[in-house]
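Asks: The following block contains a protein sequence and its predicted model.
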Amino acid sequence: MAIGLPQYRRTVAGGVAQGLAPALLPDGPRGAEGARGARAAEGVEGGLSTFAGGGGATAPPPAPVGYDTVTVAVRHGLETVDILRLRRACGAVLQTAGGSAISFLVPAGTADLWHLPGSSCTTGAVLYPPTDPRWVMPPSGPDSVARPTDAWVLRSALCEAACTLTAGGFGPF
């Protein structure tokens with residue numbers, strides 16, 4: 001323990017901890033309108049950045065046009081699903097019809113750039129109803145839309161899963 005360094009922050013009369021950066025302090029004398037005007041001048045409205053030509057409107061995220069599928073062996077795929085779930089980054093995942101492989105839905109266009117030994121990436125995906133038992137991680141939400149997994153996050157998780165399985169004596173990959 002270092003001597004002379006505070007181990008916790010004490011609150012002052014207003015309930016705000018000492019030593020916080022001014023940007024983290026609640027709106028003070030400026031009021032809510034003044035803070036909103038300052039954020040709008042910086043290009044931020046309601047926590048979302050705006051683009052210059054939009055007249056203050058926020059740009060919605062682009063919807064995926066289609067999906068590609070990254071397929072790996074079952075043991076490797078299930079370990080990867082566990083890693084992605086811990087990172088809260090797992091999209092929709094299917095088990096193949098024979099049960100010998102796991103398929104991750106990734107954004108369309110991933111197949112053009114995918115080169116990872118032990119896996120294959122194919123263009124297109126067969127989507128089943130959300131209640132189909134082949135879903136390992138089914139589509140969720142009010143519309144049951146299948147959310148793809150980010151390709152680079154998946155690649156990292158696949159490599160981590162391969163290392164974990166190899167260290168446990170279930171490899172090499």
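Replies: Yep, it's here.

Asks: Find the residue ranges of the chain scoring beneath the pLDDT cut-off.
Replies: Applying pLDDT under 70 to the chain flags residues 1-65, 172-173.

Asks: Could you chop it up by domain?
Replies: Residue ranges for the domains of the chain, per automatic domain parsing: 8-60, 67-167.

Asks: This structure: strands as residue ranges?
Replies: Secondary structure of the chain (DSSP state E): strands located at 44-45, 48-49, 67-73, 93-95, 101-107, 120-123, 135-137.

Asks: nearest to Ala161, of those?
Replies: For Ala161, the closest of the strands of the chain is strand 67-73, at 8.5 Å, according to CB to CB. Using the backbone N, CA and C atoms, a C-beta is placed for each residue, glycine as well.

Asks: residue ranges for the helices of this protein, please.
Replies: In the chain, the helices defined using DSSP state H lie at 31-41, 74-86, 151-167.

Asks: Can I get those in CSV including mean neighbour count?
Replies: Output for those, formatted as CSV (neighbours: other CB atoms under 10 Å):
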stretch, mean neighbour count
helix 31-41, 11
helix 74-86, 19
helix 151-167, 18
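
Asks: With distance to Pro130 added, can I get those helices in TSV?
Replies: TSV is the format used below for the helices of the chain (distance: least, CB to CB, whole Å):
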stretch	distance to Pro130
helix 31-41	39
helix 74-86	17
helix 151-167	21
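
Asks: Nearest to Leu116, out of the ones you listed?
Replies: Here helix 151-167 is closest among the helices of the chain (CB to CB), at 6.0 Å.

Asks: Let's see that closest one as CSV, backbone CA atoms only.
Replies: Provided in CSV are the C-alpha atoms of helix 151-167 (Å, rounded to 0.1, in the frame of the first residue of the first chain):
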residue,chain,number,x,y,z
ALA,A,151,-15.2,-11.5,-37.9
TRP,A,152,-12.1,-10.2,-36.1
VAL,A,153,-13.5,-10.9,-32.7
LEU,A,154,-14.4,-14.4,-33.9
ARG,A,155,-10.9,-14.9,-35.3
SER,A,156,-9.3,-13.9,-31.9
ALA,A,157,-11.7,-16.2,-30.0
LEU,A,158,-10.9,-19.1,-32.4
CYS,A,159,-7.2,-18.7,-31.8
GLU,A,160,-7.7,-18.5,-28.0
ALA,A,161,-9.9,-21.6,-28.1
ALA,A,162,-7.3,-23.5,-30.1
CYS,A,163,-4.6,-22.6,-27.5
THR,A,164,-6.8,-23.6,-24.6
LEU,A,165,-7.7,-26.9,-26.2
THR,A,166,-4.1,-27.6,-27.1
ALA,A,167,-2.9,-26.8,-23.6
